[in-house]
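Novice: please find the sequence and the predicted model below.
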Amino acid sequence: MPARPTLLATAGALVALAVACVLSLLVGARTVPLDAAWQAVLAFDPGSADHVVLASRLQRTLAGLAVGVALALAGAGLQGMTRNPLADPGILGLNSGAAAAVATGVYLFS
C-alpha cells in the first residue's frame, strides 16, 4: 500500500497546479471572468478581455510552466549525476560561478 499516498500526493499536486494555472489567467490588474477566459481560449474574438488573456496571461502561464519543468529536470539531473538525493548547485560550484557572472555583468553594464 505505499503507492497510495504517493498517488494521492501526485493527484493533489496536479489539482493545485491546474487551479494555479486557471487563477493566473483570471487574476491580474484587470480581472477576467471565468467564462470570458474560457471563450478567449476556445473562440478568440479580438476584444479586450480576449486579448488580455491570450496575449499576456496565457503566454506568461505557459512560460512559467516551461521554466518550472526545466528547473525540475535540471535538479533531477544534478541529483542523478551526483547520485546524491540532497544535491544542490553548490556541490558543483555553480553558485560561485553565477556570482562571478553577476559581478562581471554589473561591472560591464554599469
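Specialist: Yes, it's here.

Novice: neighbours of the nearest residue to Thr61 once chain neighbours are set aside, how many?
Specialist: Distance criterion C-beta to C-beta, 6 or more residues apart in numbering; nearest residue to Thr61, sequence neighbours excluded, is Ser24 at 4.7 Å. All C-beta atoms are positioned from the backbone trio N, CA, C, and that covers glycine. Neighbourhood size, Ser24 [other C-beta atoms under 10 Å]: 16.

Novice: got a list of what Ser24 touches?
Specialist: By C-beta atoms under 8 Å, 6 or more residues apart in numbering, the contact set of Ser24 is Arg57, Arg60, Thr61, Gly64.

Novice: got the residues you listed as a markdown table, with neighbour count and secondary structure columns?
Specialist: A markdown table is the format used below for the contacts of Ser24 (neighbours: other C-beta atoms under 10 Å; DSSP: H, G, I helix; E, B strand; the rest coil):
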| residue | neighbour count | secondary structure |
| --- | --- | --- |
| Arg57 | 19 | helix |
| Arg60 | 13 | helix |
| Thr61 | 17 | helix |
| Gly64 | 13 | helix |
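
Novice: helix/strand/coil for Arg30?
Specialist: Look at Arg30: counting by DSSP: H, G, I helix; E, B strand; the rest coil, its state is coil.
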